[in-house]
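K.L.:
everything below, folded, please.
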Amino acid sequence: MKILIRSAMAAVLAAVTLAASAHPAAAITGGEPDGNRHPNVGLILFYDAEGRFRCSATLVSPTVLITAAHCTAGTLGKTLVTFNSVIAEQPPSGLPVAADPSVGYTSAELEAAGFLAGTAYTHPQYSNFTDLDNWNDVGIVVLDKPVTTIAPATLATGNYLDQFAQPTLNSTVFDVVGYGTEVRKADAGPQNPQPMSYPLIRRYTTSPGQKLTPQVLQMNGNPNDTRGGGGTCFGDSGGPVFLNGLLVAVTSYGYTQNCRYLGGYQRIEIPVVEEWLASF
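P.N.:
Below you'll find the predicted structure:
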């Protein structure tokens with residue numbers, strides 16, 4: 001899910017409301033700092049008509065990152081890309097503001113600020129969370145210049161996840177990565193676990209499978225589940241789901257504001273996605 005980033009990153013807001021009380025994907029709940037475990041997972045930052053948003057994405061070729069469609073649809077101008085594992089431990093974030101937010105970032109200003117720039121594309125059959133049979137929450141960012149110092153992730157193919165359907169799915173544990181908000185107790189004030197704006201870092205955890213449809217992998221994101229370490233939250237949208245070292249899905253949606261329940265992940269090893277990705 002994507003999150004709105006204020007200038008001081010003090011407010012974290014869900015950007016879209018999904019059917020069935022789901023929310024477009026959320027940061028890792030539970031888990032731990034990723035460090036250099038997944039160097040090909042990056043943060044993307046972009047403008048649309050509603051403001052500035054951040055998501056997560058994965059490098060799959062020297063010039064292409066895969067993310068969620070709701071992290072690319074309606075993008076104004078260029079998309080900022082960075083593979084730094086730590087963006088900021090505390091405010092300010094150091095992320096640039098567009099000279100003209102109404103047109104978004106330009107390649108020149110992102111390059112001057114020391115970031116990569118790319119162009120966003122959205123799956124042409126993305127249903128905008130209205131049709132589970134044609135979910136297609138997949139987007140692409142094509143970089144202006146290739147990345148030659150990071151090895152791209154390997155994509156799973158050919159309905160790879162079908163072999164892990166129930167009853168195998170419940171005992172299958174997936175790796176999830178992203179730059180979303182950490183869910184924890186505040187240092188002061190209300191002590192219920194809640195999404196925190198900082199630290200803004202890449203995080204990693206594991207989640208067990210719960211349900212598999214032709215379009216969506218659903219996983220249990222409760223950090224108290226002994227089968228896994230947690231799940232995803234606001235800002236992890238578009239981030240990768242790995243199984244056996246293969247990229248099998250991207251973070252799409254969640255069901256609760258505290259990100260401690262089920263999460264939905266768009267499958268990318270299905271023909272309708274594979275055929276579109278091949279065009280890039």
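K.L.:
only C-alpha atoms from now on, for both contacts and neighbour counts.
P.N.:
OK.
K.L.:
hey, which helix or strand in this structure has the poorest pLDDT?
P.N.:
Ranked by mean pLDDT, DSSP states H and E, the weakest helix or strand in the chain is strand 12-14, scoring a mean of 28.
K.L.:
distance between the longest helix along the chain and the chain's centre?
P.N.:
Counting residues, the longest helix found in the chain (DSSP state H) is helix 271-278. Centre-to-centre, helix 271-278 and its host chain are 19 Å apart (Cα atoms, centre = their mean, to the nearest Å).
K.L.:
against which helices or strands is that helix packed?
P.N.:
Packing contacts for helix 271-278, counted by 3 or more Cα pairs under 8 Å, 6 or more residues apart in numbering; DSSP states H and E, involve no helix or strand.
K.L.:
L116 versus L143, what's the distance?
P.N.:
7 Å (Cα to Cα, to the nearest Å).
K.L.:
what are the buried residues along the longest helix of the chain?
P.N.:
By 16 or more other Cα atoms under 10 Å, the buried positions in helix 271-278 come out as V273, E274, W276, L277.
K.L.:
quick one, what contacts the closest residue to the third one other than its chain neighbours?
P.N.:
The reference is to W276. Nearest in space to W276, with sequence neighbours left out and distances taken as Cα to Cα, 6 or more residues apart in numbering, is H123 at 7.2 Å. By Cα atoms under 8 Å, 6 or more residues apart in numbering, the residues touching H123 are A69, N136, D137, V138, G139, V273, W276.
K.L.:
tell me, how many residues neighbour D48?
P.N.:
18 (other Cα atoms under 10 Å).
K.L.:
whoops, I mixed them up, Y126
P.N.:
19.
K.L.:
now stretch 219-235: mean pLDDT?
P.N.:
What stretch 219-235 shows for mean pLDDT is 67.
K.L.:
tell me where the chain has helices.
P.N.:
107-112, 271-278.
K.L.:
CSV for these, including distance to D131?
P.N.:
What follows is those, written out as CSV (distance: least, Cα to Cα, whole Å):
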stretch, distance to D131
helix 107-112, 35
helix 271-278, 14
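K.L.:
how about the ones you listed in CSV, adding distance to G35 and mean pLDDT?
P.N.:
Below are the helices of the chain laid out as CSV (distance: least, Cα to Cα, whole Å; pLDDT from 0 to 100):
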stretch, distance to G35, mean pLDDT
helix 107-112, 24, 98
helix 271-278, 28, 97
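K.L.:
among those helices, which comes closest to Q210?
P.N.:
Smallest distance to Q210 across the helices of the chain (Cα to Cα): 21.8 Å, for helix 271-278.
K.L.:
tell me the domain ranges of this protein?
P.N.:
Listed domain ranges for the chain are 3-8+39-152+274-278, 160-270 (source: automatic domain parsing).
K.L.:
quick one: end-to-end distance for the last one.
P.N.:
The straight-line separation of the ends of domain 160-270 (Cα to Cα) is 8 Å.
K.L.:
same question, stretch 101-109
P.N.:
Its first and final residues considered, stretch 101-109 spans 12 Å by Cα to Cα.
K.L.:
and if you look at stretch 98-115?
P.N.:
In stretch 98-115, first residue to last residue: 13 Å (Cα to Cα).
K.L.:
equivalent analysis for stretch 160-169, please.
P.N.:
Note: stretch 160-169 ends 13 Å apart using Cα to Cα.
K.L.:
residues in contact with it?
P.N.:
Identification of contacts with stretch 160-169 by Cα under 8 Å, 6+ apart yields T172, P208, G209, Q210, K211, L212, V248, E269.
K.L.:
which ones are touching the residue lying closest to the fifth one once chain neighbours are set aside?
P.N.:
When the adjacent residues along the chain are set aside, K211 lies closest to Q218, with 4.9 Å between them (Cα to Cα, 6+ apart). Each residue near Q218 by Cα under 8 Å, 6+ apart is listed here: G209, Q210, K211, L212, L262, G263, G264, Y265.
K.L.:
so which of the residues you listed sits lowest on pLDDT?
P.N.:
L262 (76).
K.L.:
what about it, neighbour count?
P.N.:
L262 is flanked by 21 other residues according to other Cα under 10 Å.
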